[in-house]
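Chemist: Sequence and computational prediction follow.
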Amino acid sequence: MGRQRLEYKLKKPNAHHKYWRYVLSSDPKQSEISTQTKVKYEAERIAKEEMTATPLFGEYAQDFFTTKCRLVRRRNASSKPFTQEMLALKRSHVIKYLIPAFGQVRLKDIKTVGFEDWRLTLPLANSATAYVALCCRKHGGS
């Protein structure tokens, strides 16, 4: 049985930082997050709690624009239901663009500025990138 890769790496207190810190494996900037404790086992507990408290975007978006999605059920019960083509298009945006970029990122770690910066890198017309962003904004919650 191999070693399991942790979603974070602990960093010891030093001359500059008096508390244990952790770095998320999914964070491309490798930002250090303070645990506000000087005890290693407490720091490990805090980091593990943080990892399980917030789902990954990929887990959260699993049902976006499917028949299990609350937004889709609400909309289909209204006078303007989604067509199958529209659902397929919106779902494809989620799968093609959002999940590859944010699938392994915790929801709380996705910031508006980072999202907008990523959106500018998409090889699509402005109206299409706005449409991809709209998939997230409109969905709200699953």
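Modeler: The structure has been received and is ready for your questions. All values reported here derive from a predicted model rather than from experimental measurement. Numbers count the residues shown, from 1 in each chain.
Chemist: just so I have it, where are all the strands in this protein?
Modeler: Assigned by DSSP state E, the strands in the chain fall at 8-11, 21-24, 32-34.
Chemist: out of the ones you listed, nearest to residue 116?
Modeler: Evaluated over the strands of the chain, closeness to residue 116 peaks at strand 21-24, with 20.7 Å, by Cβ to Cβ. (Glycine included, C-beta is placed from N, CA and C.)
Chemist: Does the closest one pack against any helices or strands, and if so which?
Modeler: Applying 3 or more Cβ pairs under 8 Å, 6 or more residues apart in numbering; DSSP states H and E, one finds that strand 21-24 makes contact with strand 8-11, strand 32-34, helix 40-53.
Chemist: These: which one's closest to residue 107?
Modeler: Ranked by Cβ to Cβ, the member of the helices and strands packed on strand 21-24 that lies closest to residue 107 is helix 40-53, at 10.1 Å.
Chemist: can you list contacts of that closest one?
Modeler: 7, 8, 10, 19, 20, 21, 22, 33, 35, 36, 37, 106 (Cβ atoms under 8 Å, 6 or more residues apart in numbering).
Chemist: What residues of it count as buried?
Modeler: For helix 40-53, burial by neighbour count (16 or more other Cβ atoms under 10 Å) applies to 43, 44, 46, 47, 50, 51.
Chemist: Out of the helices and strands packed on strand 21-24, which gets nearest to residue 121?
Modeler: strand 32-34 (25.6 Å).
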